[in-house]
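[1] Just a sequence and a predicted model for now, questions to come.
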Amino acid sequence: MKTGISASMMCADFMDMRKDIRAMEEAGIEYLHFDIMDGSFVPNYALGVCMIEQVRRETDLPLDIHLMVERPDLKTGYFPFRKGDTVSVHAESTVHLQRLLQFLKREGIHPGVAMNPATPVEVLEYVLDVADFVLVMTVNPGFAGQAIVEEMLRKIGNVRSYLNERGHRDTVIQVDGNVSFENARKMKAAGAGNFVAGSAGLFRTDMTIPEAAKKLREAIR
Ligand SMILES: O=C(CO)[C@H](O)[C@H](O)COP(=O)(O)O
């Protein structure tokens, strides 16, 4: 799978999404990140199948779909996933985690295990062979604009060591939540490879998307 920047589209301008998509293309962003929120697994509602279908018609950028929902194993059939997309599902809400990851992999999708801040690294133990990436949430999921949970910098390092010690050096660590320029540098040093950038790193009021992307790339180089 590709590594780099994944743009958190819940932070995009919903009144002019086309403009933001063009800016992502211009900036060479690797993925468009879609947080699907069901108001149950997380206390917010956001994005969904209709929006993904419309965005598909606008761009060939691959999508990075984060299912912040209860029982994603019962819902994947509704999503227009494509080969080359990445899809992350939460260890905390997926009853048949191994089966779902294996299914996604067979479909040509890069499967990922997402973990809330309090979830221990050991949940990965029996799914290492079927996960292309691990999504370490660096805020509690549900809302943009939160402060980083500082302990997550240590967790990124722990996940990196855990993967390396088990021979999974190629498994990417994705980080999501308050990926500012400063935090991105620390996250990269701790072992992260893919950066979900929202209000702190990409959709900023003080610079354009291409300008912010350039700064973020300098931070994660
Ligand atoms: O997953 C998310 C919220 O749960 C968002 O992707 C993320 O938080 C957006 O980035 P920022 O924290 O910089 O606003």
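    Thanks, I have the structure now.

[2] Which residues of the chain lie near the ligand?
    Contact residues, the chain versus the ligand (C-beta under 6 Å from any ligand atom): 8, 10-11, 35, 139, 141-146, 176-179, 196, 198-201. Placement of C-beta: from N, CA and C, glycine included.

[3] Need the buried ones from those residues selected in PyMOL.
    Under the burial definition 16 or more other C-beta atoms under 10 Å, those of those that qualify are selected in PyMOL by:
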select buried, resi 8+10+11+35+139+141+142+144+146+176+177+178+179+196+198+199+200+201
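
[4] Just the residues of the chain next to the ligand: which are in strands?
    Among the residues of the chain next to the ligand, the residues falling in strands (DSSP state E) are 8, 35, 176, 196.

[5] I'd say residue 210 and residue 27 touch.
    Yes. Assessed by C-beta atoms under 8 Å, residue 210 is found in contact with residue 27 at 4.3 Å.

[6] neighbour count winner among the two?
    Taking neighbours as other C-beta atoms under 10 Å, residue 210 and residue 27 compare with residue 27 leading, 19 against 16.

[7] And that one, how close does it get to the ligand?
    The spacing between residue 27 and the ligand, counted by C-beta to the nearest ligand atom, to the nearest Å, is 16 Å.

[8] same deal with residue 171?
    Taking C-beta to the nearest ligand atom, one finds residue 171 at 20 Å from the ligand.

[9] Return the residues in contact with that residue.
    128, 131, 132, 133, 134, 163 (C-beta atoms under 8 Å, 6 or more residues apart in numbering).

[10] Any idea what the residue nearest to the spatial centre of the chain is bridged to?
    What sits nearest the mean C-alpha location of the chain, by C-alpha atoms, centre = their mean, is residue 196, with 5.4 Å. Per DSSP bridges, the residues bridged to residue 196 are residue 6, residue 176.

[11] thought it was touching residue 175?
    Yes. With contact defined as C-beta under 8 Å, residue 196 and residue 175 form a contacting pair (6.6 Å).

[12] Can you check which residues contact both of these two?
    Common contact partners of residue 196 and residue 175 (C-beta under 8 Å, 6+ apart): residue 135.

[13] Could you pull out the buried residues of the strand or helix carrying residue 183?
    Taking DSSP states H and E as the criterion, residue 183 maps to helix 181-190. By neighbour count with 16+ other C-beta under 10 Å, helix 181-190 contains the buried residues 181, 183, 184, 186, 187, 188, 190.
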